[in-house]
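# predicted model and sequence below, questions to follow.
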Amino acid sequence: MAVSDRPTTEISDVILASMDRMYGQLVQRLDGLTAAEFLWEPVGGMWSVRDIDGQPVVDGAGDREADPPPMPTIAWRLWHIAIDCFDDYTRRFGGDDSDAPASWTFDPDEAIALVDEKWKAYRATIASRDFFDQLGPNWEHWAESCVADMAMHASNEFVHHAAEIGLMRDWYRDRGSDR
């Protein structure tokens, strides 16, 4: 292929456009999310958001050792996407490598708004970076990786949890059905 035959699209544009499509799919799947669905626990021992001294606290926040990890609720998955992923990555790009906060919300509309807020901040941060820059020491085992590696990891985290949310909504809708 001659150099002039190469696409003019930058890799960052391709990755960002893909992430935008993924995010749009989640937004559609969250339409009409109820409080009952948000905290629904179809099996015992699930990770969710619990009332601890009047505060909504996320089960297992920061626990990377659970093997296998408990099945999480939609509430937990939205926290994980918004705070444990998007917000954490955004903060790390700013030099803050502290653990993600374990507080969340019991309100699905508030959770969706927080996911949107954290998505926009993360997307703006990623869009402002050179995708081939090395991440650096505050990224721990990702230190030698580049921004594109992290963007693809974030996409993987996002899309698989978004798909799980969609599946949980389908199960909730059809629970007790004999279809």
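It's in.

# quick one: contacts for Asp59?
Applying C-beta atoms under 8 Å, 6 or more residues apart in numbering to Asp59 gives the contacts 46-50, 70, 72, 76. Where you see a C-beta, it was placed from the backbone N, CA and C, and this is true even at glycine.

# likewise for Leu26?
81, 115, 158, 162, 165 are the contacts of Leu26 under C-beta under 8 Å, 6+ apart.

# closest to Ala17 out of the residues you listed?
When those are compared for distance to Ala17 (C-beta to C-beta), Phe158 wins out at 14.3 Å.

# number of nearby residues for the closest one?
Residue neighbour count, defined by other C-beta atoms under 10 Å, stands at 21 for Phe158.

# can you tell me the element it falls in?
Remark: Phe158 resides in helix 147-174, with elements defined by DSSP states H and E.

# from the chain's centroid, how far away is that helix?
Its chain's C-alpha centre and that of helix 147-174 lie 7 Å apart, by C-alpha atoms, centre = their mean, to the nearest Å.

# list the buried residues in it.
By 16 or more other C-beta atoms under 10 Å, the buried positions in helix 147-174 come out as 147-152, 154, 157-159, 161-162, 165-166, 168-169, 172.

# do stretch 35-54 as well
Quick answer for stretch 35-54 (16+ other C-beta under 10 Å): 37-40, 46-49.

# for stretch 93-102, same thing?
Buried residues in stretch 93-102, counting neighbours by 16+ other C-beta under 10 Å, are found at 93, 100, 102.

# one more: stretch 25-34?
26, 29-30, 33.

# among the buried residues of stretch 93-102, which one sits closest to Asn138?
Closest to Asn138, out of all of the buried residues of stretch 93-102 and judged by C-beta to C-beta, is Phe93, at 9.1 Å.

# give me the spatial nearest neighbour of that closest one, chain neighbours excluded.
Thr125 (5.0 Å; C-beta to C-beta, 6 or more residues apart in numbering).
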